[in-house]
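**Student:** Predicted structure and sequence below. I'll ask about it afterward.
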Amino acid sequence: MWFALLIVLIQFTIVLMRYVFGVGSIFMQESIVYLHGFLFMLAAAYTLSRDDHVRVDIFYRDAAPRKKAVVNLIGAVLLLLPVCIVLLWTSLPYVMASWATSEGSPETSGIQLRYLQKTAIPVFAVMMGLQGVAMIIRSLQALGGDEAELKNLQVESIPEQNDAKQASVGENKA
């Protein structure tokens, strides 16, 4: 959330500087791109761990807990992990070349740390892959357990998320 707020504040400053004072800043413009990339690449695994990611919820929402576990298991094994492996495998040479040359912005006054931005790609792949493994373990435990465990398939152990989900369910029923 703080990255998003920072992005908004920097963008506001860029617009203010450009249209009120007639001054541009390539460094600040590039910082928007960097922060936006970091925001999504580094927060994706956390979002997935809280089950807050975007999905087509038409069938999943009303599915039985066992079917949800099967969908999560298949999705993680057949989609998430292979994509993470390919992304990690293909991004490493790209990132290593960027580090080897200390790649920076093509603009003189831009951010000269482009190699750090590119490093977020394999970090993203590793974090999503680890979360995929956690999803697989959680799904297998739920499928091997009794009905009470199946109801806890989601990340219900996080109290603030539990309260928020229950509140939104209560609002939808009212």
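**Tutor:** That came through fine.
**Student:** residue contacts, the most centrally placed residue in the chain?
**Tutor:** Nearest to the geometric centre of the chain sits Ala44, at 1.0 Å (CA atoms, centre = their mean). Contacts for Ala44 were tallied using CB atoms under 8 Å, 6 or more residues apart in numbering; they are 53, 124, 127-128. C-beta: built from backbone N, CA, C; applies to glycine.
**Student:** From the chain's centroid, how far away is stretch 66-84?
**Tutor:** How far stretch 66-84 lies from its chain's middle: 17 Å, per CA atoms, centre = their mean, to the nearest Å.
**Student:** Provide a list of residue ranges in the protein with pLDDT below threshold.
**Tutor:** Scanning the chain for pLDDT under 70 picks out the ranges 146-174.
**Student:** tell me which element the residue nearest to the centre of the chain is part of?
**Tutor:** helix 26-49 (DSSP states H and E).
**Student:** now Leu88
**Tutor:** With DSSP H and E as criterion, Leu88 is part of helix 81-100.
**Student:** Identify the residues contacting that helix?
**Tutor:** For helix 81-100, contacts defined as CB under 8 Å, 6+ apart pick out 103, 114-115, 118-119, 121-122, 124-126, 128-129, 132-133, 136.
**Student:** what angle separates the next helix or strand along the chain from that helix from helix 81-100?
**Tutor:** Per DSSP H and E, the first helix or strand lying C-terminal to helix 81-100 is helix 114-144. Interaxial angle of helix 114-144 relative to helix 81-100 (axes from the mean of the first three to the mean of the last three CA atoms, to 10 degrees): 160 degrees.
**Student:** What are the buried residues along helix 114-144?
**Tutor:** 114-125, 127-129, 131-132, 135-136, 138-139, 142-143 (16 or more other CB atoms under 10 Å).
**Student:** Kindly report the same for stretch 34-44.
**Tutor:** Here stretch 34-44 shows 34-35, 37-39, 41, 43 as buried, counting by 16+ other CB under 10 Å.
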